[in-house]
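[1] Just the structure for this:
(one chain, ligands or ions: 1)
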Amino acid sequence: MNLYSTNNKDLRVPFKEGVFNSLPADKGLYMPENIPVLDPEFISDLHLYSLPEIAFQVSKAILNGAIPDDDLQRIVNEAINFEAPVVEISGRIHVLELFHGPSLAFKDFGARFMSRVMAYFLRQGEKELNVLVATSGDTGGAVALGFLGVANTMVTILYPKGKVSPIQELQLTTNGQNIRAVEIDGTFDDCQALVKRAFNDPKLKERFRLTSANSINISRLIPQTFYYFNAYAQLQRQGFSEVVFSVPSGNFGNIGAGMLALKMGLPVKQFLAATNVNDTVPSFLKTGVYQAKPSVQTWSNAMDVGDPSNWVRIMDLFGGNREELKKVLTGYSYSDEETLDAIKQVHADHGYIMCPHTAIAWLALKQWMNDHPSEEAAGVFLSTAHACKFPDIFPEEIAREIETPAQVKELEEKIRVVVSLGNDFESFRKYLLG
Ligand SMILES: *Cc1c(COP(=O)(O)O)cnc(C)c1O
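    Model prediction:
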């Protein structure tokens, strides 16, 4: 299996190279050279398969031999070792819960698969991989827990001191083994700047094999297709044959994977791109003008993105044709006030508690259903994180009801280890050189 760059379709690199580079030198994004269309019989029989079985079949088709079957099976079994249930909220409206992994967010799918794919390639006699990640919360936890105990890797996570939630801090600091947590006396931007400088430092580059393991890595996109197929399988068991997916979107990796699944033959009626007030994509779909903007801070802060990094992948899937894209993609954008009202309403009407990102996807789905009253497809909004990760957002009477999952309770027992550094590069460099 080869990859091309969205900036140069004549460029061809093997999958392994795309995994370790993350980005092609021309600053495009890697895309699979061939997108396989799955056997229609496999699609109509999806209900017969479990999530790991689906994950194996789908990744095998995309990777097309880049990883031998036995190894791929083992990678899938280790990475996708938690559930992604579709839960009915009311009538045709369902939620796809993607928060049952170790970091309680959907990023576990991408991070766990990527780390194991990297480890697989590293075993072919390669130098130890040093992963540097700056995080404002969710990404760091998924990457840390994804790489935990993975041979031949060392992960250093930088986060702004005092600026991540208590659960996120537990996820970053209690790992031990090959995971190191560094709190920086500064902002998330400071953390990002330190990581960027490290990648350009000649001495560090010579000493270590550095990678960012970031969210545009192709090996994070592929595993995110699995849960779309698996959601469809669950809906088949309830008698549905078509589905509308509403996806809370920031960098558009999640919904991009859904659209990849569509191209592979999954019968999706419509995708809804649900954003907060950072509405670059919904505006583009309406006006035809793609205008990147500075990001605005909201309560759904994992979606505070003004220039979504995966957007070019979606345009590429549709050959740059906005009219074709609009047939299957509708954009919606909501304010913090609307988000909070949605959380309260769904709690009051259905006793279900949604995180703020999830609430935006519910709003979009509700709107689409209202506009298409005779539609028979199942409606599914994706829940990207567990509500307990955002304790400050909820009114007291709802916050009280949020249950702390077992994964978090286990972390509370563990010892926290964290190194504190200032926001100057020299201290960070010295720390890395040990
Ligand atoms: C990362 C994240 C998102 C946004 O996903 P994208 O793939 O960047 O669109 C939404 N919700 C939560 C909780 C996240 O962590």
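[2] what residues are up against Gly65?
    By CB atoms under 8 Å, 6 or more residues apart in numbering, the contact list for Gly65 reads Met1. In short, each C-beta sits where N, CA and C put it, glycine included.
[3] Correct me if wrong, but it is in a strand.
    No. According to DSSP: H, G, I helix; E, B strand; the rest coil, Gly65 belongs to no strand; its state is coil.
[4] I'd like the distance between it and the ligand.
    Separation of Gly65 from the ligand (CB to the nearest ligand atom, to the nearest Å) stands at 28 Å.
[5] Give me the phi and psi for that residue.
    Dihedral pair for Gly65: phi 90, psi -10, per degrees, to the nearest 10.
[6] Near the ligand, which residues of the stretch 201-350 of the chain? Just list them.
    Proximity of the stretch 201-350 of the chain to the ligand is confined to 248-254, 302-303 under the rule CB under 6 Å from any ligand atom.
[7] could you dump those to TSV with neighbour count?
    Formatted as TSV, those follow (neighbours: other CB atoms under 10 Å):
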residue	neighbour count
Pro248	32
Ser249	33
Gly250	24
Asn251	19
Phe252	25
Gly253	25
Asn254	27
Ala302	24
Met303	23
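[8] Could you list which of these belong to helices?
    Among those, DSSP state H puts 253-254 in helices.
[9] Switch the residues of the stretch 201-350 of the chain next to the ligand over to a markdown table; also include pLDDT.
    Below are those laid out as a markdown table (pLDDT from 0 to 100):
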| residue | pLDDT |
| --- | --- |
| Pro248 | 98 |
| Ser249 | 97 |
| Gly250 | 94 |
| Asn251 | 92 |
| Phe252 | 96 |
| Gly253 | 95 |
| Asn254 | 97 |
| Ala302 | 89 |
| Met303 | 92 |
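[10] now, which of the residues of the stretch 201-350 of the chain next to the ligand sits nearest Phe318?
    Phe252 (13.0 Å; CB to CB).
[11] wait, isn't that closest one in contact with Val312?
    No. With contact defined as CB atoms under 8 Å, Phe252 does not reach Val312; the gap is 9.4 Å.
[12] The helix or strand that contains Val380 pairs with which strands, and in what direction?
    Using DSSP states H and E, Val380 sits within strand 378-383. Strand 378-383 sits in its sheet next to strand 93-97 (parallel), strand 243-248 (parallel), going by DSSP bridges.
[13] which bits of the stretch 1-150 of the chain sit near the ligand?
    Listed as neighbours of the ligand in the stretch 1-150 of the chain under the rule CB under 6 Å from any ligand atom: 105, 107, 138.
[14] correct me, but the second one touches Thr139?
    If I follow you right, that is Lys107. Yes. Using CB under 8 Å, Lys107 is in contact with Thr139, at 6.1 Å.
[15] Can you give me the neighbour number for the residue of the stretch 1-150 of the chain found nearest the ligand?
    Among all residues of the stretch 1-150 of the chain, Asp138 sits closest to the ligand, at 3.8 Å; criterion: CB to the nearest ligand atom. Counted with other CB atoms under 10 Å, the neighbours of Asp138 add up to 25.
[16] and the gap between it and Cys355?
    Separation of Asp138 from Cys355 (CB to CB, to the nearest Å) stands at 11 Å.
[17] And Gly256, by the same measure?
    21 Å.
[18] For burial, what's the neighbour tally of the closest residue to Asp304 other than its chain neighbours?
    Excluding its sequence neighbours, the residue lying closest to Asp304 (CB to CB, 6 or more residues apart in numbering) is Ser295, at 4.6 Å. Counted with other CB under 10 Å, residues neighbouring Ser295 total 17.
[19] swap in His47?
    Neighbour number of His47 under other CB under 10 Å is 12.
[20] List the residues that contact the residue nearest in space to the middle of the chain.
    Centroid-nearest residue in the chain: Lys107, 3.8 Å away (criterion: CA atoms, centre = their mean). Applying CB under 8 Å, 6+ apart to Lys107 gives the contacts 138-139, 141-143, 215.
[21] farthest pair in those?
    Gly141 and Ser215 (13.3 Å).
[22] more crowded one of those two?
    Between Gly141 and Ser215, Gly141 has the larger neighbour count (other CB under 10 Å), namely 28 against 22.
[23] got the contact list for the stretch of helix or strand the more buried one belongs to?
    Gly141 is located in helix 138-147, with elements delineated by DSSP H and E. Contact with helix 138-147 is made by 79, 101-105, 107-108, 110-112, 114-115, 131, 133-135, 153, 155, 157, 159, 164, 168, 171-172, 175, 178-179, 181, 213, 215, 302, 385, 389, as judged by CB under 8 Å, 6+ apart.
[24] Tell me which stretches of the stretch 151-300 of the chain form helices.
    Residue ranges of the helices in the stretch 151-300 of the chain, as given by DSSP state H, counting those that start in this stretch, are 166-173, 188-199, 202-207, 218-221, 226-237, 253-263, 280-287.
[25] Out of those, which gets nearest to Leu433?
    Leu433 lies closest to helix 202-207 among the helices of the stretch 151-300 of the chain, at 6.9 Å (CB to CB).
[26] So what's the residue count around His372?
    Residues near His372, counting by other CB under 10 Å, number 14.
[27] Of the strands paired with strand 378-383, which stretch is the most buried?
    strand 243-248 (a mean of 28; mean count of other CB atoms under 10 Å).
[28] Please state the offset of it from the chain centre?
    When C-alpha coordinates are averaged (CA atoms, centre = their mean, to the nearest Å), strand 243-248 and its chain have centres 15 Å apart.
[29] Also stretch 142-152?
    Worked out by CA atoms, centre = their mean, stretch 142-152 lies 16 Å from the chain centre.
[30] buried stuff in that stretch?
    Residues 142-148, 150 are the ones in stretch 142-152 that count as buried (16 or more other CB atoms under 10 Å).
[31] same question, stretch 46-64
    Judged by neighbour count (16+ other CB under 10 Å), stretch 46-64 contains these buried residues: 46, 49, 51-63.
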